[in-house]
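In: how would this look folded up:
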Amino acid sequence: MPSIGVFLVVMLLLAGAACAPPPAPSSPPSAATPDTPPASSPPPPVRLRVATLRITADAGMYIAEEKGYFQEQGIQVEWVDFATAAEAIAPLGAGQLDVGVGAVGAGLFNAVNRGIDIRLVADKAATSPDPRNGFASSLALAIPKEYAEAGRLRDYADLHGKTIVIPARGTASHILIDYAVRRGGLTLADVEINELTFPDMNSALANKAVDVALQIDPLLTLGEAQGILIPWKRAVEIYPGQQIGAIMYGPRITQIGQSAGNRFMVAYVRGLRDYNDAFGPKRQNRGEIVSILTKHTNVKDPALYDKVTWDYMNPDGYLNVETLARDLDWYVANGYLTEKPDLNRLVDHSFADYAVRVLGPYQP
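Out: Below is the predicted model of the structure:
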């Protein structure tokens, strides 16, 4: 059995998890060498307060810090730790934070509808739009090993009447379950959905207290190694491209000026590209990136990085606006939102556009 320390580590590993790049920026990228900003005089320094959850979904920022990309852009990062993404929303909107990180869901959209000034500016974890890019998702529907061996759940239609646990209702996880049951010709009314924290799910599966759990890595990997569960259906099969997390700018970025947001984004996108290079097909500088993540995140065992599945993070920074719009419709239809925020105002890709013009498009 894993130590209590391991479970405390994974309690914060939410991501939790893929983003199809939207159309190319309206203006063509410059001829700058990809991933290498053009030489120029150092920009004036600016200090930004940046939220962090100490999870692997924050990888792009930690890589940018350790590899000096923020420093090159004149950005001094002051990390502000939060236990959950929801805790950072209010201080971000109030200007006490400059950059936020967190899950995209009904809670965030309701905050925006209440007038909190937040913009979604870049990808920070999603389900892969296409696993051929080397990524999948850290999420999967897990079932007890005995169920798999007995053939009790063979396909989505077998979910009828089953008890399914997710971290919270009214979230991307809830939508994922809806998509799964629909694949079997079912509706949410045909299953029983309960809430349970990720660290408690493996015990519930071991005791057969639940039939299915939407579990996350590395708990998936640990549970499978212990003979508790089988990853049954991956999120990448159920809802490819679903946007899970985002980098968010608060109102102070606007007050400081577009330059600060642009410079942060150049450094961040370079970090995302290093992440893609390390955990995608290239497997480039993987040891270096793992070392950075073990330093900054709560996943301290380097061996786990070779066993878990990884969320997709768009190496050009763009959010998957198509799935965001689709999920907004779901929240309204299911009573979690009374009205939809204007995505054209909420999502601001101007900063990612700037980063791509400076760095050139990502080269797989």
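In: pull up the pairing partners for the host helix or strand of Leu214, direction included.
Out: Using DSSP states H and E, Leu214 sits within strand 212-216. The pairing partners recorded for strand 212-216 under DSSP bridges are strand 139-144 (antiparallel), strand 163-166 (parallel).
In: any idea how far the shortest one is from the chain center?
Out: Remark: strand 163-166 is offset 21 Å from the chain centroid, using Cα atoms, centre = their mean, to the nearest Å.
In: immediately after that strand, which helix or strand?
Out: helix 172-183.
In: which residues touch that next one?
Out: For helix 172-183, the external contacting residues (Cβ atoms under 8 Å, 6 or more residues apart in numbering) are 103-105, 139, 141, 156, 159, 164, 166-168, 187-188, 190-191, 193, 214, 233, 235, 238-239, 242-244, 327, 330. (Glycine included, C-beta is placed from N, CA and C.)
In: likewise for stretch 53-60?
Out: 12-17, 52, 81-85, 101-102, 124-125, 244-245, 268-269, 271-272, 275, 289, 292-293, 296-299, 310-311, 313.
In: let me know the average pLDDT across that stretch.
Out: Average pLDDT, stretch 53-60: 91.
In: quick one: it to chain centroid distance?
Out: Centre-to-centre, stretch 53-60 and its host chain are 9 Å apart (Cα atoms, centre = their mean).
In: element containing Lys340?
Out: Using DSSP H and E, Lys340 maps to neither a helix nor a strand.
In: wait, isn't it in contact with Leu328?
Out: Yes: contact criterion Cβ atoms under 8 Å: Lys340 and Leu328 qualify, at 4.7 Å.
In: what do those two both touch?
Out: By Cβ under 8 Å, 6+ apart, the residues touching both Lys340 and Leu328 are Phe109.
In: in stretch 323-331, what's buried?
Out: Within stretch 323-331, the residues that count as buried by 16 or more other Cβ atoms under 10 Å are 323-324, 326-328, 330-331.
In: can you give the distance of that stretch from its chain's centre?
Out: Going by Cα atoms, centre = their mean, the spacing between the C-alpha centre of stretch 323-331 and its chain's C-alpha centre is 16 Å.
In: cool, stretch 278-291 as well?
Out: 18 Å.
In: got the contact list for that stretch?
Out: Counting by Cβ under 8 Å, 6+ apart, 59, 63, 133-135, 274-277, 302, 305, 310, 364 sit against stretch 278-291.
In: which among those gets closest to Gly250?
Out: Nearest to Gly250 among the contacts of stretch 278-291: Ala59, at 21.6 Å, using Cβ to Cβ.
In: list the contacts for Gly74?
Out: Gly74 touches 42-46, 263, counting by Cβ under 8 Å, 6+ apart.
In: just those residues: which are in helices?
Out: Using DSSP state H, the members of the contacts of Gly74 that fall within helices are Arg263.
In: list only buried entries from the contacts of Gly74.
Out: Applying 16+ other Cβ under 10 Å to the contacts of Gly74 flags 46, 263 as buried.
In: mind listing which of the contacts of Gly74 are in strands?
Out: With strands taken from DSSP state E, the overlap with the contacts of Gly74 comprises Val46.
In: mind putting the contacts of Gly74 in TSV, pLDDT and distance to Ile89 included?
Out: Below are the contacts of Gly74 laid out as TSV (pLDDT from 0 to 100; distance: Cβ to Cβ, whole Å):
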residue	pLDDT	distance to Ile89
Pro42	64	33
Pro43	73	29
Pro44	79	29
Pro45	89	28
Val46	94	23
Arg263	96	24
